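J.: Pasting the sequence and the predicted coordinates here, then a few questions.
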Amino acid sequence: MTRVVLAGTALALAAGAIVLLSTTLGAEVQGVALLGAALGGVLGLVPDRSPLARVGGFLVGLAAAGLGYVARAAILPDARSGRAVAVVLVVLACVAVTATTRRRIALWSMLLGAGALAGAYEATYAADPSNILATVPTAATAVLLTSAAGFLATAVLAPVARTGLADDELSPAERAARDEAFRADAAPAPRPTPPSDVRQPSGVAALLDSREA
């Protein structure tokens, strides 16, 4: 509980610092400060996979969403059907990466990255789709800066991560290491040995002691 409170406090301070530094970081950063910091905080707090795997999934999802916007601007119709196809393609791309990596890159982390870019960029894209090559890198940079601040503010204080993988998704070496760790945890503690200088009672003394008891 204490770790969560400390992580949340650090996240709040990081989000406030982002807004205060927005004149230096760029005006776009201020508009997505809470969005990026919150999603970065989720990325740091969820105890699933390693921090590197979570960050990798977030970046993959963000890139997939960016390519989805490029597809909307270049080849898909500017209509509801085009937006629907783009959304389906982005989500399927994330699912394909999860399947290819055998869930070592979590689907939720990729969806988090895709949603971060969509939330930060959709209004800008709708205002001027033809200027996508100039605007999407700016939006992606703002999301990366704010989410990185949220992630760093929470990752150190977050709960310990677990693998989240089923037994058949682990390699033989990973299963052996896991089983060895389980055996070490389940092994009974060794009994303390009596000091060597303590003399054990003789047979007669033991008999007298038992009668007195």
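T.: Received the coordinates, thanks. Numbers count the residues shown, from 1 in each chain.

J.: And the helices in the protein, which stretches?
T.: With DSSP state H as the criterion, the chain has helices at 2-20, 22-25, 27-31, 33-45, 51-74, 80-100, 107-127, 132-155, 172-186, 203-212.

J.: Please identify the deepest-packed of the ones you listed.
T.: Neighbour counts averaged per stretch over the helices of the chain are highest for helix 33-45, at a mean of 23; criterion: mean count of other CB atoms under 10 Å. In short, each C-beta sits where N, CA and C put it, glycine included.

J.: Poorly predicted segments of the protein, please.
T.: Applying pLDDT under 70 to the chain picks out residues 1, 27, 158-171, 173-175, 177-213.

J.: so who does V60 touch?
T.: Taking CB atoms under 8 Å, 6 or more residues apart in numbering as the contact definition, V60 lies against 94, 97, 105, 110, 113.

J.: Could you save those residues as CSV and add columns showing distance to V156?
T.: Formatted as CSV, the contacts of V60 follow (distance: CB to CB, whole Å):
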residue, distance to V156
C94, 27
V97, 27
I105, 22
M110, 23
G113, 21
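
J.: from those residues, which is closest to I132?
T.: Proximity of these to I132 (CB to CB) peaks at G113, which lies at 18.2 Å.

J.: Leaving out chain neighbours, which residue sits closest to that closest one?
T.: Using CB to CB, 6 or more residues apart in numbering and skipping the chain neighbours, the partner closest in space to G113 is G61 (3.0 Å).

J.: same thing with T146?
T.: Sequence neighbours aside, G36 is the residue nearest to T146 in space, at 2.5 Å (criterion: CB to CB, 6+ apart).

J.: before we move on, the earlier item: ok, now how distant is the residue nearest to G113 from T141?
T.: 16 Å (CB to CB, to the nearest Å).

J.: A37 too?
T.: Separation of A37 from T141 (CB to CB) stands at 15 Å.

J.: check contacts around the residue nearest to T146.
T.: Residues in contact with G36 (CB under 8 Å, 6+ apart) are 18, 116, 120, 142-147, 149-150.

J.: Just put the residues you listed in JSON lines and tack on distance to G68.
T.: Listed next are those as JSON lines, based on distance: CB to CB, whole Å:
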{"residue": "I18", "distance to G68": "26"}
{"residue": "A116", "distance to G68": "13"}
{"residue": "A120", "distance to G68": "14"}
{"residue": "A142", "distance to G68": "18"}
{"residue": "V143", "distance to G68": "14"}
{"residue": "L144", "distance to G68": "17"}
{"residue": "L145", "distance to G68": "21"}
{"residue": "T146", "distance to G68": "21"}
{"residue": "S147", "distance to G68": "18"}
{"residue": "A149", "distance to G68": "25"}
{"residue": "G150", "distance to G68": "23"}
